[in-house]
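Colleague: sequence plus predicted model, see below.
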Amino acid sequence: MTAEATGEWCGWRAAAEAALYGPDGFYRRPEGPAGHFRTSVHASPLFAGAVARLLCRVDEALGRPVSLDFVDMAAGRGELVTGVLAALPAEVAARTRAYAVELADRPGTLDHRIEWLPEPPRRITGLLFANEWLDNVPLEVAEVDSAGVPRLVLVRRDGTERLGEPVAGAESEWLARWWPSASAAEGTRAEIGLPRDEAWAGAVSALDRGLAVAVDYAHTAATRPAFGTLTGFREGRGTAPVPDGSCDITAHVALDACALPGARLLSQRAALRSLGITGARPPLELASTRPAEYVRALATAGEAAELTASGGLGDFGWLVQRVGIPDVLAD
């Protein structure tokens, strides 16, 4: 029997792994992620449309291959990949092999064209898109003790914490390089992003040619939060991160640490504007000449504004990694 099942102490990485992805884990619940929190995918179909346009740009950069891959990492219930297929021009859709990568069971109503996998396929030629995946890759949490030593935080299934052994080895090296403030005052916390770096490198390695994009809550070395970002979500509300399977457990991503040579890091606001989503209001004169069209355009502008809003979804980071193609996202 595991430590998580008996209520014994373990690190946050093992505790979150069991709570999120175990047999009774949060991500295996029938309502799926959309039952608890709102991502860009759920906010508006404009997001899937923008990703479809990005896939078309990748297609052009690849020289319009006979077979074009689209891989939706951490696919939830397949909402993004379904929207992308629907938004693609017919000629591109006919050449697209669509994959949803998710540990939960395949939804019964999912489009038959979408292959459901527990891990990404190999030899991808196209676009691998990971929307809010890395923030749910479990990691260890460290806290500075009274002697100024970063120690692993141990946790029980009820969320009770205590300090464990000093951080050592590769995890200590990662802290020193990517979260140097973790050696500051007592109580300072850090989330050791090494498993996310490794997960992202593994995903990118599946690409033969094309583009890999990770979209997530993020921070960089200059803006690491002093007390970390580990939190929980349940039914649309933030809550204490309790690793009992009742809530999502997430922490913002050090995307600069994940980045491989040649990567770009930009905001969702900048990325979506490059893909044609601006949030600009329609001209007011349209209200008197074509009122129905004006109402539709106003609703679209509102959705676009949410996707690009400062202090909200627009602040998400986009980590963009090219493999064998030119840049397809303008500044």
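Modeller: Thanks, I have it.

Colleague: what ranges do the helices span in the protein?
Modeller: Using DSSP state H, the helices of the chain run over 3-6, 12-21, 40-43, 45-61, 79-87, 90-95, 169-178, 194-205, 255-258, 268-274, 286-289, 291-308.

Colleague: most centrally placed residue in the chain?
Modeller: Glu132 (1.8 Å; C-alpha atoms, centre = their mean).

Colleague: relative to Arg122, how far out is that residue?
Modeller: Distance of Glu132 to Arg122, given as C-beta to C-beta, to the nearest Å: 24 Å. For glycine as for every other residue, the C-beta is placed from the backbone atoms N, C-alpha and C.

Colleague: where does the protein dip in pLDDT?
Modeller: Within the chain, the segments meeting pLDDT under 70 span 1-7, 31-38, 182-183, 279-303, 314, 331.

Colleague: what angle separates the longest strand along it from helix 45-61?
Modeller: As assigned by DSSP state E, the longest strand anywhere in the chain is strand 207-216. Orientation note: strand 207-216 sits at an angle of 160 degrees relative to helix 45-61 (axes from the mean of the first three to the mean of the last three C-alpha atoms, to 10 degrees).

Colleague: now strand 207-216: buried residues?
Modeller: Residues Leu207, Arg209, Gly210, Leu211, Ala212, Val213, Ala214, Val215, Asp216 are the ones in strand 207-216 that count as buried (16 or more other C-beta atoms under 10 Å).

Colleague: closest to Gly193 among those?
Modeller: Gly193 has its nearest neighbour among the buried residues of strand 207-216 in Asp216, at 11.2 Å by C-beta to C-beta.

Colleague: doesn't Leu134 make contact with the closest one?
Modeller: Yes. Under the criterion of C-beta atoms under 8 Å, Asp216 makes contact with Leu134 at 5.2 Å.

Colleague: how close does the closest residue to Ala75 other than its chain neighbours sit to Asn136?
Modeller: Excluding the flanking residues, the one nearest Ala75 by C-beta to C-beta, 6 or more residues apart in numbering is Ala100, at 3.6 Å. Separation of Ala100 from Asn136 (C-beta to C-beta): 16 Å.

Colleague: from Arg157, how far out is Arg77?
Modeller: Distance, Arg77 to Arg157, using C-beta to C-beta: 27 Å.

Colleague: err, Ala18, not the other one
Modeller: On the measure of C-beta to C-beta, Ala18 and Arg157 end up 8 Å apart.

Colleague: then Leu54?
Modeller: When distance is defined by C-beta to C-beta, Leu54 is 41 Å away from Arg157.

Colleague: looking at the two, which is more packed in?
Modeller: The neighbour count for Leu54 versus Arg157, taken as other C-beta atoms under 10 Å, is higher for Leu54 (23 against 20).

Colleague: which residues touch the more buried one?
Modeller: Neighbouring residues of Leu54 by C-beta atoms under 8 Å, 6 or more residues apart in numbering: Leu127, Phe129, Leu211, Val213, Leu275, Val328, Leu329.

Colleague: now the nearest residue to the second one once chain neighbours are set aside: how far from Gly126?
Modeller: The reference is to Phe129. Once flanking residues are discounted, Phe129 sits nearest to Val213: 5.2 Å by C-beta to C-beta, 6+ apart. As judged by C-beta to C-beta, Val213 and Gly126 stand 12 Å apart.

Colleague: and the residue nearest to Trp178 when sequence neighbours are not counted, how many neighbours does it have?
Modeller: Nearest residue to Trp178, sequence neighbours excluded (C-beta to C-beta, 6+ apart): Ala257, at 4.4 Å. Using other C-beta under 10 Å, Ala257 has 18 other residues around it.

Colleague: ok, Ala257 touching Leu175?
Modeller: No. Between Ala257 and Leu175 there is no contact under C-beta under 8 Å: 10.5 Å.
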